[in-house]
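Chemist: Only the shape, not the letters, is given here:
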């Protein structure tokens, strides 16, 4: 199986967000960057599918700054065969532009599966995979938490409000992966050493201006200072009174 | 704005509640609102569509095809993109629901533009669309100007409260032709009766490691039942990663971002990634034995103590109110 995983370098989920001086972006000083957690599920799935098939290639591709090489090396340490960095100073604010960069790099006849995380935990856009599928003319199933493949046919499950959709599709396909599909492996020391020697192509790219312009990035409004109602079971009566009379939610 | 298309959601020929929110959000842009829904048309009008005029829709269009019995990702995307091209809308508004998250980017891609996703504030300022959307799981708000034509937008559920206006709208049904889909929803496995999704519940009771073991979540389920069908049980990442609860229940940066009227955090210390997922709740209650737990910093009301005593007592009190 030939599988490509599209991954993104994002701030760790424990990051405390500070706004940069431009008032439009994240202050990246002292921010720890990691592979987008949903992309880890995509890389893991690609490795398992290749292992099961006994042959093939897993390629990881990322759009991002030079430092995203580190993110790609993490995927290589997990077991991916080679990496491609589409190096841009910043990731476009317009996801359509990001998708165009990725689609231009992927020759549609080459891949059995093109995998993405279901969304990135920084910009919450959940759409680059879908747009890449559209640009390449491939079928796409999003946010899958279960996957069966047999020949050129696949069955996936995706969570919706109050249920699970069972979706049939044909390969080659673009899939975006939700948590729950698998348990990503930690890179072993051997893998980390091997990753240093695996090929990583760096290709400079220039994104178009796009149709979405960031005007401002602001902290969310502060929540009003709360209060400790009391200690132990004796405080429950007062809590219920406050929820009824003050907060008016009961 | 001249014309705005509001894309509705139905299941089983009944309009989903979030559809009224989509129309309400679309109304923020001004101009005429056309609401559109994909359905088979076999069962007559989609139930609830007749109400849309009251919420601001000037016209409701039903696009019919036999393939729309279940969600048809490719077919409905094609039908909607065709409609947008023909109608010359300046903006198209979806719900950022599970279906909307799948469908909206498909339609946007067909129109050659990006989706501006998961919006919590929307306005037209001097002819330009300005949207605010939480990023970094709500740790910051990003304000964007949308230059793309048309602007394709999705709005976060439970944010745009539907407002009734005394007004009637027109209705139209159009049969549409679509290509055979390569992606087919074969079946929908429904969750057990009475389970409410955390993304849609008005009340969420979430548990963390303080519950000590998976079986103890029954105290939270009992409290949820006391709210009489309005409450769902959520979970912290720690207990989902430990396999105690399903990922569908996880609240936080790698789970769901929720905005219920009432969020009760039980035995949850309040890691920053969890706070990010629930800080937009209208009222937050924390129950925790550690008075220094970070969760108390975002909670409106805190109770310090043993959750195994406090939660059952709270359930009793809520039942008394509803009894």
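Modeler: Received the coordinates, thanks. In this text, all values refer to a predicted model and were calculated from it rather than measured experimentally. Numbering: from 1, shown residues only, chains lettered A, B, ... in the order given.

Chemist: hey, where'd the helices end up in the chain?
Modeler: Just going to use chain A. A:37-53, A:68-78, A:95-105, A:128-136, A:189-195, A:236-245 (DSSP state H).

Chemist: Can you look at chain B instead?
Modeler: B:18-27, B:73-87, B:98-110, B:218-226, B:237-241, B:272-278, B:295-298, B:307-322.

Chemist: Report the buried residues of the second one.
Modeler: The neighbour-count check on helix B:73-87 (16 or more other C-beta atoms under 10 Å in any protein chain shown) flags B:73-84 as buried. Glycine gets a C-beta too; all of them are placed from N, C-alpha and C.

Chemist: if we can go back for a sec, and the helices of chain B as CSV, adding mean pLDDT?
Modeler: Output for these, formatted as CSV (pLDDT from 0 to 100):
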stretch, mean pLDDT
helix B:18-27, 94
helix B:73-87, 97
helix B:98-110, 97
helix B:218-226, 96
helix B:237-241, 96
helix B:272-278, 92
helix B:295-298, 94
helix B:307-322, 95
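
Chemist: Would you confirm that residue A:242 contacts residue A:226?
Modeler: No - Residue A:242 sits out of contact with residue A:226 when judged by C-beta atoms under 8 Å, with a separation of 10.6 Å.

Chemist: Quickly list what's touching both of the two.
Modeler: residue B:301 (C-beta atoms under 8 Å, 6 or more residues apart in numbering or on different chains).

Chemist: quick one: residue B:33 and residue B:57 touch, right?
Modeler: Yes - Residue B:33 sits in contact with residue B:57 when judged by C-beta under 8 Å, with a separation of 5.0 Å.

Chemist: Now do the shared contacts for those two.
Modeler: B:6, B:23.

Chemist: So which of those two has more stuff around it?
Modeler: Per other C-beta atoms under 10 Å in any protein chain shown, whichever of residue B:33 and residue B:57 has more neighbours is residue B:57, with 31 against 28.

Chemist: pLDDT at the more buried one, what is it?
Modeler: Each residue has a pLDDT score; the one for residue B:57 is 91.

Chemist: Can you give me the distance of it to chain A?
Modeler: As for residue B:57, its distance to chain A is 22 Å (criterion: C-beta to the nearest C-beta, to the nearest Å).

Chemist: Run a quick neighbour tally on the closest residue to residue A:212 other than its chain neighbours.
Modeler: Counting by C-beta to C-beta, 6 or more residues apart in numbering or on different chains, residue A:94 is the residue found nearest to residue A:212 once chain neighbours are left out, at 4.3 Å. Around residue A:94 there are 25 other residues, counting by other C-beta under 10 Å.

Chemist: again with residue B:312
Modeler: For residue B:312, the neighbour count with other C-beta under 10 Å is 16.

Chemist: where's residue B:307 relative to residue B:288, distance?
Modeler: For residue B:307, the distance to residue B:288 (C-beta to C-beta, to the nearest Å) stands at 7 Å.

Chemist: Same check on residue B:300?
Modeler: From residue B:300 to residue B:288 the distance is 14 Å (C-beta to C-beta).

Chemist: in chain A, what residue is nearest chain B?
Modeler: Closest to chain B within chain A is residue A:211: 2.8 Å, counting by C-beta to the nearest C-beta.

Chemist: So that residue is in contact with residue B:150, correct?
Modeler: No - between residue A:211 and residue B:150 there is no contact under C-beta under 8 Å: 9.8 Å.

Chemist: Show me the common contact partners of these two, please.
Modeler: By C-beta under 8 Å, 6+ apart, the residues touching both residue A:211 and residue B:150 are residue B:113.

Chemist: picking up where we left off before, which residues do residue B:307 and residue B:288 both contact?
Modeler: Joint contacts of residue B:307 and residue B:288 (C-beta under 8 Å, 6+ apart) are B:210, B:266-267.

Chemist: Burial check on the residue of the stretch 1-150 of chain B found nearest chain A, number of neighbours?
Modeler: Residue of the stretch 1-150 of chain B nearest chain A, by C-beta to the nearest C-beta: residue B:148 (2.8 Å). Neighbourhood size, residue B:148 [other C-beta under 10 Å]: 22.

Chemist: the domain parsing of chain A - what is it?
Modeler: Here the domain parsing of chain A from automatic domain parsing is A:2-204, A:220-250.

Chemist: Just the pLDDT for the closest residue to residue B:123 other than its chain neighbours.
Modeler: What sits nearest to residue B:123 in space, not counting adjacent residues and going by C-beta to C-beta, 6+ apart, is residue B:130, at 5.3 Å. Residue B:130 is assigned 97 on the pLDDT scale.

Chemist: for residue B:130, which residues make a bridge with it?
Modeler: Residues in a beta bridge with residue B:130, per DSSP bridges, are residue B:123, residue B:145.

Chemist: That one contacts residue B:151, doesn't it?
Modeler: No - Residue B:130 lies out of contact with residue B:151 (C-beta under 8 Å); the separation is 10.2 Å.

Chemist: out of these two, which sits in the more crowded spot?
Modeler: Higher neighbour count among residue B:130 and residue B:151: residue B:151, with 28 against 16, using other C-beta under 10 Å.

Chemist: Could you pull up the contacting residues of that one?
Modeler: B:90-92, B:113, B:116, B:129.

Chemist: Many thanks, have a good one.
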